[in-house]
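1. just coords:
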């Protein structure tokens with residue numbers, strides 16, 4: 001196989017992309033909720049630890065995993081120029 005026929009992202013990189021996407025979706029799911037049925041009543045549950053701290057940390061972790069999946073070098077032979 002020619003050098004140009006290979007994919008730029010390896011199978012491990014694609015798995016990391018998928019894992020990062022799933023991690024980001026979990027983070028967005030953690031942010032859901034906390035609303036109030038009555039607009040005259042303020043609901044303090046939208047300012048809890050899960051929505052303000054945990055969900056953004058999980059989303060940023062997903063973004064970091066995606067960056068590693070795109071930029072990382074996994075396996076592969078070293079090219080000699």
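-> Okay, I see it. Given the structure is predicted, the values throughout are model-derived calculations rather than measurements.
2. Okay, buried residues for stretch 26-44 please.
-> Neighbour counts over stretch 26-44 (16 or more other Cβ atoms under 10 Å) mark 27, 30, 31 as buried. Heads up, the C-betas are built off the backbone N, CA and C, glycines and all.
3. next one: stretch 11-24
-> 13, 16, 17, 20, 23, 24.
4. any low-confidence regions in this structure?
-> For the chain, the stretches with pLDDT under 70 are 1-5, 76-81.
5. rewinding a little: wait, which of the buried residues of stretch 26-44 is closest to residue 41?
-> Using Cβ to Cβ, residue 31 comes nearest to residue 41 of the buried residues of stretch 26-44, at 20.8 Å.
6. what's the spacing between residue 20 and residue 67?
-> When distance is defined by Cβ to Cβ, to the nearest Å, residue 20 is 8 Å away from residue 67.
7. got it, and residue 40?
-> 44 Å.
8. ok, the closest residue to residue 57 other than its chain neighbours to residue 55 distance?
-> Nearest residue to residue 57 in three dimensions, chain neighbours excluded: residue 27, at 7.8 Å (Cβ to Cβ, 6 or more residues apart in numbering). Look at residue 27 and residue 55: by Cβ to Cβ, they are 5 Å apart.
9. same check, this time on residue 47
-> 12 Å.
10. Pick out whichever of the two has more residues nearby.
-> For residue 47 and residue 55, the more surrounded residue by other Cβ atoms under 10 Å is residue 55, and the numbers stand at 18 against 10.
11. what's the helix or strand for the more buried one?
-> helix 55-71 (DSSP states H and E).
12. Would you mind listing the buried residues in that helix?
-> Quick answer for helix 55-71 (16+ other Cβ under 10 Å): 55, 58, 59, 62, 65, 66, 69.
13. Off-centre distance for stretch 49-58?
-> Relative to its parent chain, stretch 49-58 has a centroid offset of 14 Å by Cα atoms, centre = their mean, to the nearest Å.
14. Please disregard the earlier target; I meant stretch 52-62.
-> That offset, for stretch 52-62, works out to 9 Å (Cα atoms, centre = their mean).
15. Touching it from outside, list them.
-> For stretch 52-62, contacts defined as Cβ atoms under 8 Å, 6 or more residues apart in numbering pick out 20, 21, 22, 23, 24, 25, 26, 27, 28, 30, 31.
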